[in-house]
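Trainee: The amino acid sequence is not available; the structure is as follows:
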């Protein structure tokens, strides 16, 4: 197990280094923030002074070395627009995005797992067919359109839930207050629709495959109750692919919550990165992308550890 973890940590470090090069070069080689940040009426002296102040007078490879040196000290650069540390700006917005992403994943698991189990255990029933048709709909509908429809129905016409903002917070979290939870519900549902469909189809296929295994047939032959066969023998084994995919989807939910945050005016990292892209605030863009990459790496590492706990064969392969 130790060898397996060390190997995964080394691989994660290599990925982080490679992605830092790709992200930095991809962002810093495109566009000229000076044209946006500096007034067109500024003279050549003012422009050169601004370029030196932003560190844009150095060659690209030197800018990258400076970035790596500062990043190792916890400094991902200062925002061109706000003149504040980019990492600080992102960390201020991160709780809102994390809350939205975890809320969406919680809803997807809470709804997707039981519906997928039902559809897998009773595949020919009318309810299962309705569930699978609904999952296809969840895959197909665009997120921004669903968000607008949720606002029109539940916020405008019915007036049940607020449509924008984060509401009241307690210790920086919305779900700890009733008002904040009401603000969280609509964007979380909107972000969770695709994940619900994914969990339903993944769980259903896992159940259908597991029900044909010999150990399930043997458990039935022993006279075990259907509930025990389902929740002890079937459910535990389908958790392996579900944990893997849900873990990976958590990273994508955090990274691609931009649309939902824009539709519902949710004050998270997505709105910050959109504003930074509009003004070519390179330090904020690079810091955001590096944090997202780091999140993906950490989530993948946690998923691999959970996978090795659920499936002992992974540990044996690591020892080999």
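Mentor: Great, that's in hand. Quantities reported herein were computed from a predicted structural model and do not represent experimental measurements.

Trainee: Quick check: residue 278 vs residue 285, distance?
Mentor: 11 Å (C-beta to C-beta, to the nearest Å). All C-beta spots, glycine's among them, are computed from the backbone N, C-alpha and C.

Trainee: quick one: which of these two has more around it?
Mentor: Relative neighbour count places residue 285 above the other of residue 278 and residue 285, with 23 against 10, counting by other C-beta atoms under 10 Å.

Trainee: how about low-confidence regions in the protein?
Mentor: Using pLDDT under 70 as the threshold, the predicted model of the chain has low-confidence ranges 1-2, 4, 29-44, 47, 50-51, 54-55, 307-320.

Trainee: hmm, try it at 90
Mentor: Counting by pLDDT under 90, the chain shows low-confidence ranges at 1-98, 105, 109, 112-114, 116-129, 132-148, 155-184, 191-195, 197-320.

Trainee: okay, now the domains of it?
Mentor: 2-72, 87-311 (automatic domain parsing).

Trainee: Of all those domains, which one is nearest residue 79?
Mentor: Ranking these by their distance to residue 79 (criterion: C-beta to C-beta) puts domain 87-311 first, at 5.2 Å.

Trainee: So what's the residue count around residue 181?
Mentor: Other residues close to residue 181 by other C-beta under 10 Å number 17.

Trainee: hang on, it packs against residue 175?
Mentor: Yes - the pair residue 181 and residue 175 passes the contact test of C-beta atoms under 8 Å, sitting 5.2 Å apart.

Trainee: Need the domains of the chain in TSV (columns: distance to residue 80).
Mentor: As requested, the domains of the chain are exported to TSV (distance: least, C-beta to C-beta, whole Å):
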stretch	distance to residue 80
domain 2-72	6
domain 87-311	5
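
Trainee: Would you tell me which one of those is buried the most?
Mentor: Sort the domains of the chain by mean neighbour count, taking mean count of other C-beta atoms under 10 Å, and domain 87-311 sits at the top with a mean of 18.

Trainee: That one: how far from the chain's middle?
Mentor: Relative to the centre of its chain, domain 87-311 is centred 9 Å away, using C-alpha atoms, centre = their mean, to the nearest Å.

Trainee: Please enumerate residues in contact with stretch 197-216?
Mentor: Applying C-beta atoms under 8 Å, 6 or more residues apart in numbering, the external contacts of stretch 197-216 come out as 108-109, 111-113, 115-117, 119-121, 123, 128, 131-132, 134-139, 229, 233-234, 237-238, 241-242, 245-246, 249.

Trainee: Kindly report the same for stretch 251-271.
Mentor: Counting contacts by C-beta under 8 Å, 6+ apart, the residues touching stretch 251-271 from outside are 90, 93-94, 96-98, 100-101, 104-105, 143-144, 147-148, 151, 163-166, 186-187, 190-191, 195, 273-274, 288, 292, 295-296, 299-300.

Trainee: what about 7 Å?
Mentor: Contact with stretch 251-271 is made by 90, 93-94, 96-98, 100-101, 104-105, 143-144, 147-148, 163-166, 186-187, 190-191, 195, 273-274, 288, 292, 295-296, 299, as judged by C-beta atoms under 7 Å, 6 or more residues apart in numbering.

Trainee: how long is that stretch from one end to the other?
Mentor: With C-alpha to C-alpha, to the nearest Å as the measure, the ends of stretch 251-271 fall 17 Å from one another.

Trainee: With stretch 254-273 instead?
Mentor: Its start and end residues considered, stretch 254-273 measures 13 Å (C-alpha to C-alpha).

Trainee: Which of the helices or strands spans residue 218?
Mentor: helix 214-221 (DSSP states H and E).

Trainee: Check whether residue 167 sits in a helix, strand or coil.
Mentor: coil (DSSP: H, G, I helix; E, B strand; the rest coil).

Trainee: For it, which residues are in contact?
Mentor: For residue 167, the contact set (C-beta under 7 Å, 6+ apart) comprises 174, 177, 179-180, 182-183.

Trainee: Apply 6 Å and report the result again.
Mentor: If a contact means C-beta atoms under 6 Å, 6 or more residues apart in numbering, then residue 167 has 174, 179-180, 183 as its contacts.

Trainee: ok, residue 218 to residue 206 distance?
Mentor: Using C-beta to C-beta, one obtains 19 Å as the distance from residue 218 to residue 206.

Trainee: ditto for residue 231
Mentor: Residue 231 sits at a distance of 14 Å from residue 206 (criterion: C-beta to C-beta).

Trainee: Please report phi then psi for residue 222.
Mentor: Recorded main-chain torsions at residue 222 are phi -70, psi -10, according to degrees, to the nearest 10.

Trainee: In contact with it: list those residues for me.
Mentor: Residues touching residue 222, when contacts are defined by C-beta under 6 Å, 6+ apart, are absent altogether.

Trainee: Angles on the backbone of residue 85, please.
Mentor: The phi and psi values for residue 85, taken as degrees, to the nearest 10, are phi -60, psi 130.
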